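Visitor: Following is a predicted model, sequence given first.
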Amino acid sequence: DEMDFSLFSRPDFSATDWVNEALQPNGDGKIDDPNKLISKLQTFIHKVNAELETTCTDLVRELPSIVRSVDVVTQEVQSLKQSMAAVSRDIQSVEQNTAETMSNLIQLDRLKTNMESTRDAVTEADNWSKLSSDVDKALESNDAHQIAAALLGLQRSMLVLSEEDDQAHQRRSKLQQLKARLKSLLRPQLATAVEDRNLEAAQSAVVVYRDMMQEHEALQAACEGVKNGVQLQWQTIATLSNTASHQHKLQALLDHVQSNEARDIPFLASIFSTDKSDTKPCGEAVHFALTNLEPSLGDFVADAIQASDKPFRLTVLASLVETVIHAVKTSSLPTSAWQGLLNVIAQYQLELGHFLTEDVVRAWAAQTTVAVDQEEEEHDNIVQALATFAKQLVADVAHVESVLATASDLTDATTQFGGLRGLKQATQKLLELFAERTARTLNALPDLKQIEAELSWTQCIDACFESLEALGRLLALLQSVGEAARHACAKQRHYLLESSSTVSHLGPWDYFVHHPVAKEQFLPILQACTQGDNPLASCSSALVDLVNQLHELGLAASMALVQSRLDAFATEMAWSTLKLSDHQTFPPSSHISKVGELLLMLPQHLEGYLEDDAKMSLALEQCTLPAFNAVMEEEEELDTGLWLDVLAQQACMSAVDAIATISSISADGRLQLSADLEYFCNVVTALETSPVASLLALNRLLLVDTQTYKQEVADLSAELPQRSVVIKALKQLRS
């Protein structure tokens, strides 16, 4: 077999790999004889050696010829080096001769330039004298174009004449006087041409301004012309009958401006721009007009708001905002055209909290249904007093709801963003007014100890819980309005963040567009809202004291008759002389039975109020009274069933206090008291709550033997509620 010896010439040849591959089994599963491979390799090595000898012999034979060729090349390189040196010397010589020639040419050019400058200066000096004479004649004629032509000539002369000679200051002064004179002539001419819509005269005046490179002043003059026409219409509108509302007057002005858009846009564009659809010149003119009206739009809006006889004066602003926004959205002009009017609105947006709070105070005062003297009227009948109080509180809550709803609507109507702080400020003030008025009436109520009959007692409870229910409804409304504001805040924050590069998402009337600092200050508030914070939650702090007072009132009313029955239980029974027959059972006494009946009436009577967990729970959340907090710490969930727990515990503690007033008691009296306490504890248990520890301790230690009594009294926890009262009562009852 033939062997491929080309592998031996590869740079990555590996002898080990070659041998392993050569000794692989063939198709028949046989391995080539290694001796054959060795013979083939030796034969190949002899052939390679022979070729190497032949190649070396040929190289030795040709070596003299190669040496001769190298000598020839070396001589040619040496000759080329000498030629290059000669060329270099020739170039240096040429450069020296050229430098002298160029120096002479430069001197000749400088001489020529100086001579021409001198000639031009002399010519322009002569022209200046002639042009000055022409300008004097032009000024006498008051011809703006003639003055402009002379002025342009003088400007060209000024460019040529020296700025450092003795006449330079005089020439500059004369030129400035001519420009001022020309502007004083051109401005009214251009304004009049624009006002009269005289295109040829307006374009001619603008050409003169452009020649003076004062096109911006030409635009100002054109704006003056537009303003004159708008001012004339504004004066006519202002003299309309007083029966015309401010909104109608503003609408009339904006209608006038918009009705002229189709004519003014191409007219002003033809004067200042090559594109007849360019709205920028007309936009600037309208902006100038609306910003410089007399009376100003700022004074007009302020007068409109101050003149309003409505409780909420900002309703006027809301109607004006609606009018302006409609004009902005339907106008072909850029938003900047209306910026003067939008800035007026923005000022009210920035101070929305101040204005809205003033309106809230006015609305509260205007719609208060009960006069101050009626609030302070003293009632001899506690039932009548509480009923009147509850009725008034319900009416006041409805009033607050109405005012708050209007304030929220006005916030949305007058500002797209940033109104949250103003709404919070106004809401806080409104709740403070409500709480102050309610507390004043509450403090004038007669003492609840007047309650003697069960009917009066239940009527008083009804009045108190109706008041609490109304307050819960107010807190629910506050939460609802706050939640709506919170959801709006999430959208507002999204738009405000998007507007970092564009204001397309924002209403052009919003002051954040032009007040980035205020925007940065407001974003954290929006961020807190998007994280779940109710933006109006802090306003409920104004109601905390009132919440506590109403819960205290409800607790006192519910316990009023119970307390009086417990006092009778302790004082009216003949404890010291009470004797029982042998083997007599110990039913509860009539006094304690009456107390039990009253307590068992509470769940059914309060069911109608406590079944609406949402409102009453909101009121409970704001309550900080110790009696409620103690029970809240033990409850897993806050619900209105907590009321019955609090009432039951208050009854237990009142029972302990009442028993502590018993100064002496017979042995049979102690047996009866123990039976009464057992009955009382069963009643409390029936209310699905546990008797307080102080009552249980008193009942347990009342009849135990002396040794047990001493031991357990000594072991009473220092944290036991009413511990001192319990010990005092036991000493008196066991003496």
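Guide: Everything's here; your move.

Visitor: How about the secondary structure of the closest residue in space to Ser664 that isn't next to it in sequence?
Guide: Leaving out its chain neighbours, the residue that sits closest to Ser664 by C-beta to C-beta, 6 or more residues apart in numbering is Ser576, at 4.4 Å. (C-beta placed from N, C-alpha, C; glycine too.) With DSSP: H, G, I helix; E, B strand; the rest coil as the basis, Ser576 sits in coil.

Visitor: Next one: Ser576 from Tyr679, what distance?
Guide: For Ser576, the distance to Tyr679 (C-beta to C-beta, to the nearest Å) stands at 21 Å.

Visitor: So for those two, which residue has more residues nearby?
Guide: More neighbours surround Tyr679 than the other of Ser576 and Tyr679, with 18 against 11 (other C-beta atoms under 10 Å).

Visitor: which ones are touching that one?
Guide: Tyr679 sits next to Pro588, Ile592, Ser593, Gly596 when contact means C-beta atoms under 8 Å, 6 or more residues apart in numbering.

Visitor: now those residues as JSON lines including pLDDT and secondary structure?
Guide: Shown next, in JSON lines, are the contacts of Tyr679 (pLDDT from 0 to 100; DSSP: H, G, I helix; E, B strand; the rest coil):
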{"residue": "Pro588", "pLDDT": "90", "secondary structure": "coil"}
{"residue": "Ile592", "pLDDT": "93", "secondary structure": "helix"}
{"residue": "Ser593", "pLDDT": "93", "secondary structure": "helix"}
{"residue": "Gly596", "pLDDT": "94", "secondary structure": "helix"}
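
Visitor: so which of those residues is the most crowded?
Guide: Neighbours here mean other C-beta under 10 Å. Within the contacts of Tyr679, the largest count is held by Ile592, at 25 neighbours.

Visitor: Need phi/psi at the closest residue to Pro588 other than its chain neighbours.
Guide: Closest residue to Pro588 apart from its sequence neighbours, by C-beta to C-beta, 6+ apart: Tyr679 at 3.8 Å. Dihedral angles of Tyr679 (phi, psi; degrees, to the nearest 10) stand at phi -60, psi -40.

Visitor: Poorly predicted segments of the stretch 201-350 of the chain, please.
Guide: Scanning the stretch 201-350 of the chain for pLDDT under 70 picks out 241-243, 274.

Visitor: hey, where'd the helices end up in it?
Guide: 215-238, 246-259, 261-272, 280-291, 297-306, 314-330, 339-350 (DSSP state H, counting those that start in this stretch).

Visitor: Which parts of the stretch 501-650 of the chain are helices?
Guide: Going by DSSP H, counting those that start in this stretch, the stretch 501-650 of the chain shows helices at 516-530, 544-571, 590-610, 613-622, 626-634, 642-659.

Visitor: Now render those helices as TSV, adding distance to Cys464.
Guide: Output for the helices of the stretch 501-650 of the chain, formatted as TSV (distance: least, C-beta to C-beta, whole Å):
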stretch	distance to Cys464
helix 516-530	36
helix 544-571	4
helix 590-610	9
helix 613-622	12
helix 626-634	15
helix 642-659	11
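
Visitor: tell me the most buried of those helices?
Guide: Burial of these is given as mean neighbour count (mean count of other C-beta atoms under 10 Å); helix 642-659 ranks first at a mean of 22.

Visitor: closest to Gln258 among the contacts of Tyr679?
Guide: Gly596 (80.7 Å; C-beta to C-beta).

Visitor: Contact partners for that closest one?
Guide: Gly596 neighbours (C-beta under 8 Å, 6+ apart): Pro588, Tyr679, Phe680, Val683.

Visitor: how close does the residue nearest to Ser664 get to Ala193?
Guide: From Ser576 to Ala193 the distance is 116 Å (C-beta to C-beta).

Visitor: Repeat that for Lys728.
Guide: Applying C-beta to C-beta, the value for Lys728 to Ala193 is 105 Å.

Visitor: just Glu597 next, same as before
Guide: 99 Å.

Visitor: again with Ala363
Guide: Per C-beta to C-beta, Ala363 is found 53 Å from Ala193.

Visitor: swap in Val481?
Guide: For Val481, the distance to Ala193 - C-beta to C-beta - is 57 Å.

Visitor: same check, this time on Val206
Guide: From Val206 over to Ala193 (counting by C-beta to C-beta), the distance is 9 Å.

Visitor: Tell me where the stretch 501-650 of the chain is predicted with low confidence.
Guide: The model of the stretch 501-650 of the chain has pLDDT under 70 over residues 501-523, 525-532, 581-585, 612-613, 633-640.

Visitor: And for Tyr709, nearest residue in space, chain neighbours not counted?
Guide: In this structure, Tyr709 finds its nearest non-sequential neighbour in Leu701, 5.6 Å apart by C-beta to C-beta, 6+ apart.

Visitor: The strand or helix carrying Glu436 versus helix 339-350: what angle between them?
Guide: According to DSSP states H and E, Glu436 maps onto helix 419-443. Between the axes of helix 419-443 and helix 339-350, defined by axes from the mean of the first three to the mean of the last three C-alpha atoms, to 10 degrees, the angle is 40 degrees.

Visitor: got the buried residues for helix 419-443?
Guide: By neighbour count on 16 or more other C-beta atoms under 10 Å, the buried set for helix 419-443 is 419-431, 433-435, 437-438, 441-442.

Visitor: Ala337: neighbouring residues, count only.
Guide: With other C-beta under 10 Å as criterion, Ala337 counts 26.

Visitor: residues in contact with it?
Guide: By C-beta under 8 Å, 6+ apart, the residues touching Ala337 are Thr279, Cys282, Gly283, Glu284, Val286, His287, Leu290, Ser331.
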